[in-house]
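Novice: after the sequence you'll find the predicted model.
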Amino acid sequence: MLTFSLTLIRHGETQYNRDKLLQGQGVDAPLSDTGLHQAEAVGQYFGDLRFNNVFVSNLQRACKTAEIILRNNTHCSGMEMVLDPLLRERGFGIAEGRPKEDLKNMANAAGQACRDYTPPGGETLDQVRLRFKKFLKVLFQRMVDDHGWPGQGATEGATASGAVCGGSSASVSGGSPDDGLQGVSVHALVVSHGAYIREAIRHLVEDWECSLPQGVKTSQLFSPCPNTGVSRFILTLSQSRNGPVLSTVGCVFTNRKHHLASLKGAE
């Protein structure tokens, strides 16, 4: 079995975020000045944590955020980023570039909750979840290819029998960059988008019965992710005839943002 951490980070703020406009996939806005500062802040927060693998949405707001994070990292400066369109934001079809209020009005007119509504030309939540499931297959194979199975040239300490239990008992509101990582030495970083990350968390929690931090309600886990908000899970893979498969998963925290406390107007 191979155990590793998965740290999910949303990109920094863009002007579209500030103006409450939908971006999705068709609008690829750069980071605002605030977004650049947010990326610097989260990069400094993780400055001493060695990420072994980095996967990034190929939209520029995610790429720039990841570049700044790695530039601030003691161990990862100049590290290769794997750009993957599977990590792109949810497609919002004709609603892209328009105010979020327009999406709410479309949903109301259709008699649906805003989160569940799919505008014409957009992706359903099931389609977003399917993209994440496809990404997980890519991630699992890459982790095994790079780090091996324990006893077969794997990174020392890559498996930890108590890793998931340690993750499930951690506090969502904790403060250390290495929370939940005790006994785990392989770490993957993913930089993506708000709606995508929310659906990714839902998949891990709902479909895999992910262990949760003590005293945390699921409503907290699924709350909107702020710009450069951080979520972390501990995953354990096992071998199968069809390749590596997920055996257990534990949530350490979701949507952490206290690295933004020193920034004025931080989300």
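Specialist: Received the coordinates, thanks.
Novice: state the mean pLDDT of stretch 125-134.
Specialist: Averaging pLDDT along stretch 125-134 gives 98.
Novice: got the contact list for it?
Specialist: 86, 88, 90, 115-116, 118, 195-196, 199-200, 202-203 (C-beta atoms under 8 Å, 6 or more residues apart in numbering). Backbone N, C-alpha and C define where each C-beta goes, glycine included.
Novice: buried residues in that stretch?
Specialist: By neighbour count on 16 or more other C-beta atoms under 10 Å, the buried set for stretch 125-134 is 125, 128-129, 131-132.
Novice: wait, which of these is closest to Asn72?
Specialist: Closest approach to Asn72 among these (C-beta to C-beta): Phe132, at 26.8 Å.
Novice: now that closest one: how far from Phe140?
Specialist: 12 Å (C-beta to C-beta, to the nearest Å).
Novice: now Gly250: which helix or strand?
Specialist: strand 245-256 (DSSP states H and E).
Novice: then Gly183?
Specialist: Going by DSSP H and E, Gly183 is not part of any helix or strand.
Novice: hang on, the earlier thing: turn the buried residues of stretch 125-134 into a markdown table, including secondary structure.
Specialist: Putting those into a markdown table (DSSP: H, G, I helix; E, B strand; the rest coil) gives the following:
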| residue | secondary structure |
| --- | --- |
| Leu125 | helix |
| Val128 | helix |
| Arg129 | helix |
| Arg131 | helix |
| Phe132 | helix |
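Novice: what's the closest of those residues to Lys104?
Specialist: Nearest member of the buried residues of stretch 125-134 to Lys104, counting by C-beta to C-beta, is Leu125, at 16.1 Å.
Novice: and the strand holding Gly250, how far out from the chain middle?
Specialist: 11 Å (C-alpha atoms, centre = their mean, to the nearest Å).
Novice: now do the buried residues in that strand.
Specialist: 246-256.
Novice: helices or strands up against that strand?
Specialist: helix 125-147, helix 163-168, helix 218-221, strand 230-238 (3 or more C-beta pairs under 8 Å, 6 or more residues apart in numbering; DSSP states H and E).
Novice: now the weakest link among these, please, by mean pLDDT.
Specialist: helix 163-168 (a mean of 35).
Novice: and the helix or strand following that one with strand 230-238, angle?
Specialist: Using DSSP H and E, the next helix or strand after helix 163-168 towards the C-terminus is strand 187-192. Interaxial angle, strand 187-192 versus strand 230-238 (axes from the mean of the first three to the mean of the last three C-alpha atoms, to 10 degrees): 130 degrees.
Novice: what angle do strand 187-192 and helix 125-147 make?
Specialist: Using the same axes, to 10 degrees: strand 187-192 against helix 125-147 is 150 degrees.
Novice: dump strand 187-192 to PDB, restricted to CA.
Specialist: C-alpha atoms of strand 187-192 as PDB (Å, rounded to 0.1, in the frame of the first residue of the first chain):
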ATOM      1  CA  HIS A 187       3.000  14.800  -0.900                       C
ATOM      2  CA  ALA A 188       1.000  15.900  -3.900                       C
ATOM      3  CA  LEU A 189      -0.100  19.400  -4.600                       C
ATOM      4  CA  VAL A 190      -3.100  20.300  -6.800                       C
ATOM      5  CA  VAL A 191      -3.900  23.900  -7.800                       C
ATOM      6  CA  SER A 192      -7.400  24.200  -9.300                       C
END
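Novice: where does pLDDT dip in the chain?
Specialist: 151-174, 264-267 (pLDDT under 70).
Novice: next, the distance between the ends of stretch 23-36.
Specialist: 18 Å (C-alpha to C-alpha, to the nearest Å).
Novice: report the buried residues of it.
Specialist: In terms of neighbour count (16+ other C-beta under 10 Å), stretch 23-36 has its buried residues at 23-25, 27-29, 31-32, 34-36.
Novice: can you check stretch 209-227 too?
Specialist: 210-213, 216, 221-222, 225-227.
Novice: quick one: which of those residues sit in strands?
Specialist: Counted as lying in strands by DSSP state E, out of the buried residues of stretch 209-227, is not a single one.
Novice: reformat those into JSON lines and put distance to Ile9 next to each item.
Specialist: Putting these into JSON lines (distance: C-beta to C-beta, whole Å) gives the following:
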{"residue": "Cys210", "distance to Ile9": "18"}
{"residue": "Ser211", "distance to Ile9": "22"}
{"residue": "Leu212", "distance to Ile9": "20"}
{"residue": "Pro213", "distance to Ile9": "18"}
{"residue": "Val216", "distance to Ile9": "19"}
{"residue": "Leu221", "distance to Ile9": "16"}
{"residue": "Phe222", "distance to Ile9": "17"}
{"residue": "Cys225", "distance to Ile9": "9"}
{"residue": "Pro226", "distance to Ile9": "11"}
{"residue": "Asn227", "distance to Ile9": "10"}
